[in-house]
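1. need a 3D model of the following:
(chains A and B)
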Amino acid sequence: MSVLAAFARARAVREGRAQPIATVRHLHLSPRPMVFIPLRLAGEAAAPLGAMLGTDPAEPHLLVVPQPRDRDQRFAFVAELAAIMLPYLERYAKDVETVEAKTPYERSLDAPQILVPNPRGIAFTRLLGRSCRFRRADGPYPVHPSVPVLGQWLTFLADRAEFPGSSLLVAMTEALAAHWATGQSRVEDGNLAALVGWIAPPDGMTGPEAAAAAEDMVWSPPAGPDTAPEFDAEVLAPAIRTYEATGSVAQVRDAVRSQLEPTWRVMWRAVELLRGLPEARGVPGRWERDRAEFTREAIRIAEGGPPRGRHDSAVGAAVRLSAMERAQQAFEAQRALDDPMVMVEHRLEGRAFAGEVVAVELERRIVPPGRTRAVNRPLVTVVTADPVRLAPGDVLISPARPRQHCEVVEVRRGTVVLQVNDGMGRGARPAPGSVPEVGEIVCYADLDPGDGPGFPFPSREETPWTHGGPPAEYVPTDEDAMEDWS
Amino acid sequence: MNRLDVLRGPHPAVDHNARTIAALAANPGCDRRAVFDAAGVDKRAIARHLGHPAPFGQSVFAITRARAFEKLVKADGCAELLRLLRELFGLDVGEVTYVDVAETGEPGHAARHARTRDLLRDAAHAAADGRAAGVLVDHPLLRLDVGGTEVHLEPDVIALQAGGRFHVIAIKSFAIIDGQAEPAQVAAAARQAAVYVHALRALLAAEGADPALVAHNVVLVCPKDFANTPTATFVDVRQQLAVLARQLARLTRIDRILDRLPPDLTFDLRPGPDGTPTRPADDLARAVRQVPARFAPECLSTCDMAYFCRAEAREQAATDLLGRAVRDALGGLATIPEVLGLAEGAREPAEDEAEIADRLRLVHRFYAEALDAAAREVAVA
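-> Prediction:
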C-alpha cells in the first residue's frame, strides 16, 4: 500500500466520499463493452447457476440453469451463452489491418471487451473455459459445437486478464479501485456495490451510508459468482425443488434474476464513472497490443487450433512470465508518465522529482568516451523541493519528452543537474524545443517503459534437460474430452 | 462459580474448533475474541442481539456437497481413502487397521479423547520400536490448551503410515483442477490442518513419545477436476505451524486479561422463558466494550463480532478500519484525525512522530499539486 493511497483513504473517511488516486483513466473502455455477470452454485467448482450479460444496459440477456447439478443442463447453458457471446467476439475479428513489421501481421481495428464484477468473476470465467474447451461435438457426451469454441475464448480472455494493462477482460472492482480510494479497506472494496457507493453515493446519501446499504444482502445481493447463503437456503433451494417437482423453470428464473439485476445496474453505473475520466495517453498503445493478441487467437481458433493444454510447457511458462513482468514494468512506468497523481508515488520515494529549470547550457558539446566526434550534450539545472534520492549516472525520462533520456550529473541539496543524451534531432545544434528552457516546470523520473527486447528464451524444441527436455506436442485426447462430470 | 462461567451466563458453552483457533491465532492481539472464546460465549447470538449480525455462513448447497464428499471418501471403512493413501505413500493395504473412535466404547468427549490418546500412544511406541503397522484413526478427538483453556479438536482422519509417521488427513470438497485449487481455500485448509498437527504433536509429547513422528505434510483429499472422484495431495504446513506456535505462545494467558476486567462482568443475554434475550442491547454493548478489541478488516470473514467491532472502530475513526497495510503506511498512527492533522499541519507532531509527520506533509502537498494539475488540464481541454 503506497502512502499516497493510504492518505487518500484517510481523506475519504473524513470527506465521506471516495478520493481520486488517478487523474486519467488507465484502462481502455470500449464504446460497446459486454457486461457479463456469472453466478455459480455454491460448493461446486464450475456449476453455472445463471448469468446476465449483454451490451445494452436496457436489454440484458438472462440465462438460467434450473438444476445446476445436471451435466446436460450445464452445457445447454454454455451453448446459450455461446450464442450471445461468440457473435460479439467474432464480429471484431472481421475488420483487420496489416501491421508492417519484420514479419507483417494482422490486427483487428477494434476488439471486444468483457466486464465482470470482480476478480472471482474472472476466476470463474477461467474455470468455465477450462470445463468447456476439451469437450467435443461427437463421441461420448457430445455437446453443441459452440461449447468448445467458447471454452477456448474464455480461456484466452482469462489468460490475457493476468497481463498488467490488458483491457480485454476486466474485473470492475479492480478497475475502480485503481482510480479511487475509499474510506474502507481493500477487503470491503471487493464488494462492487459498496465500492460504487463510496465513489458515487446516491443523492442525499454519504459514501459510508451507501456502502452500508450495499452490504445488506437482501437489498444488494452479492455480485457473484457466489450467491448469499440465506438466498440459497430460503429462495433458491425451494425454487429448485419446485422445478424438480413440476418442471417449471419460472421460480428459479425469478430467483436468479432477483440476484443479478441489482448488480447489472451497478455495473453500468460503474462504466459511466470510468467514462467520466479522460483516457490516459498510454491506453491506445496497450489496447493495440490487446487487439493484436485478440486477432492472433481469432485466427488460431478459426484455423481449428487445439485447445490450450492442461499445463503450460516449461518454455511457454517462462516466456509468459517474462512477458508479464515486462508488461508490469511498462505499465507502471507508463501510468506514472501519463498521470501526475501516479507520479507522486515515485516522487515520494525520491525516484522522481519536479521543479523549475533555472539554467541551461544549450551549446555544450562533448566527445563521449570511445567516440571521436563531438556531440550535443546540453546540461539542464533544475531546482526542486522534492526529497531526491538519485545518484549521478541514473538515467531519467520526463512525461513531457518520454523518448528522451537524461543522465544525472550532479545532485546537490535542492538542485539537480541533468545531461540530455538524445532526442535532440540530427542537427549541429539541438532542435528547437527538444531541450527544456529556463523557467519551464519539469518532472523527471527513474522509470523504464521497457520497450527493449525481452530475454531470449530457447524454443520449445530446445527446452534444456533441466526443465524436462523438449515436451511432447500437446494433442487433445479422447480422455480429455470424456472427462468425468459429477 | 468459575469466572468464565460468570462471563458466559446460563448458556451452554460454544466449543472451539480448528477454524476458530486458526482465526484466533490470526488476530492474537484481540482480547475480546480471546475472552469470548475462552468462556465459550455464543458470539453469533451476542452480535445478533447487539444489532450487528455477521452475514457469513455456509450455503446449504456447499454443506450438502461437503457431507456427500466426505461420506464418499469414508465409505466402507475409508476404503476409498485407503486406496488414495496407498497411491500416495505406497502402503500395503493388508497392513492397515481401521479404527473408528466414535463407534467403539463409551460415548462422550472424555472417553473418545482417552481412546484416541491410548491408540496413538501405542502406535507411537510401536513406531519408535520399528514395529509400526498402518493405522487409520477415524473420528479422533484431540485436546489443546489455548490461552489457558482446554479445547477439543476433531480432525477428519489421522493415518499412521507403515513407515512410522503420523499424517493428518483433511477432507475438503473444493475441487483441485489440473493440479490447482483456489489459493484462499487451500490456505484455510492448511491453517486448520496445522492446528491438528500442533495438537497431535502436543499429545505425543505429553505421552512421552517423539512429537517429530507427526509429519508436517498433511494429506489434502479433494474432488479431482469437475468430477466427484477424490484425489490426495500433500500440503506442507510448516509455515502455518510456525505461525500458529508463535501466536499460541503469545496469546496472553486468559487470567491476565480477566484480571483487568470488572469482577461482575457478564455477557449473559438473560433469556426469557421462550429463549429470546431480555437484556437491553445497550447494556450488553457496554459490557462488551469493557473488553478491548483489535479490529482488522480480515475479521469480517472470520469473526461473528466483526461488524460490532467495526462500528466501534468507526466511532473512534481508527486507522484499523482501513486495513493493516494502510495503518502501517500511515506510520502506525491510531486515528484518522491524527493522520490528517499531521498532514495538514493542524497538529503538532509528538517527538516520535516527526518522521511520519514530515512524510505526511509531503504527501499532502503532492496530492494537492496533482489535483491542481489535473484540474488545469481539464480547463485547457
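2. what does the stretch 151-300 of chain A put close to chain B?
-> A:183-188, A:208, A:215, A:217, A:226-230, A:232-233, A:236-237, A:278 (C-beta under 8 Å from any C-beta of the partner chain). For the C-beta atoms, the positions are set from N, CA and C on the backbone; glycine is no exception.
3. selection in ChimeraX covering whichever of the residues you listed are buried, please.
-> One line in ChimeraX is enough to select the buried members of those, burial here meaning 16 or more other C-beta atoms under 10 Å in any protein chain shown:
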select /A:183,184,185,186,188,208,215,217,226,227,228,229,230,232,233,236,237
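4. so where is the stretch 201-350 of chain B shaky, pLDDT-wise?
-> B:251-252 (pLDDT under 70).
5. could you redo the last one with a cut-off of 80?
-> Applying pLDDT under 80 to the stretch 201-350 of chain B flags residues B:247, B:249-254.
6. check the stretch 51-200 of chain A too.
-> If you take pLDDT under 80 as the line, the stretch 51-200 of chain A has these spans: A:139-140.
7. ok, 70 please
-> Applying pLDDT under 70 to the stretch 51-200 of chain A picks out no residues at all.
8. ranges for the strands of it?
-> Here the stretch 51-200 of chain A has its strands, by DSSP state E, counting those that start in this stretch, at A:61-64, A:96-99, A:105-108, A:114-116, A:169-171, A:180-181.
9. let's have the ones you listed in a markdown table, adding mean neighbour count.
-> Output for those, formatted as a markdown table (neighbours: other C-beta atoms under 10 Å in any protein chain shown):
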| stretch | mean neighbour count |
| --- | --- |
| strand A:61-64 | 20 |
| strand A:96-99 | 13 |
| strand A:105-108 | 17 |
| strand A:114-116 | 26 |
| strand A:169-171 | 23 |
| strand A:180-181 | 24 |
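10. what's the pLDDT at the residue lying farthest from the centre of chain A?
-> Farthest-out residue of chain A from its mean C-alpha position, per C-alpha atoms, centre = their mean: A:Thr372, at 47.7 Å. Each residue has a pLDDT score; the one for A:Thr372 is 87.
11. beta partners for residue 98?
-> Answering for chain A, as no chain was given. A:Glu106 (DSSP bridges).
12. actually chain B
-> Beta-bridge partners, per DSSP bridges, of B:Tyr98: B:Leu136.
13. could you give the number of residues near it?
-> Neighbourhood size, B:Tyr98 [other C-beta atoms under 10 Å in any protein chain shown]: 17.
14. ok, now how distant is it from chain A?
-> Between B:Tyr98 and chain A the computed distance is 26 Å (C-beta to the nearest C-beta, to the nearest Å).
15. which ones are touching that residue?
-> With contacts defined as C-beta atoms under 8 Å, 6 or more residues apart in numbering or on different chains, the neighbours of B:Tyr98 are B:Gly77, B:Cys78, B:Leu82, B:Val135, B:Leu136, B:Asp138.
16. helix/strand/coil for B:Arg376?
-> Applying DSSP: H, G, I helix; E, B strand; the rest coil to B:Arg376 yields a three-state assignment of helix.
17. so for it, what's the pLDDT?
-> Listed pLDDT for B:Arg376 reads 80.
18. tell me how far it lies from A:Arg25.
-> From B:Arg376 across to A:Arg25, the span is 18 Å (C-beta to C-beta, to the nearest Å).
19. tell me which of those two has more neighbours.
-> Remark: of B:Arg376 and A:Arg25, A:Arg25 carries more neighbours, 21 against 10, as counted by other C-beta under 10 Å.
20. apart from its neighbours in sequence, what residue is nearest that one?
-> Residue nearest to A:Arg25 in three dimensions, not counting chain neighbours: A:Leu277, with 3.8 Å by C-beta to C-beta, 6 or more residues apart in numbering or on different chains.
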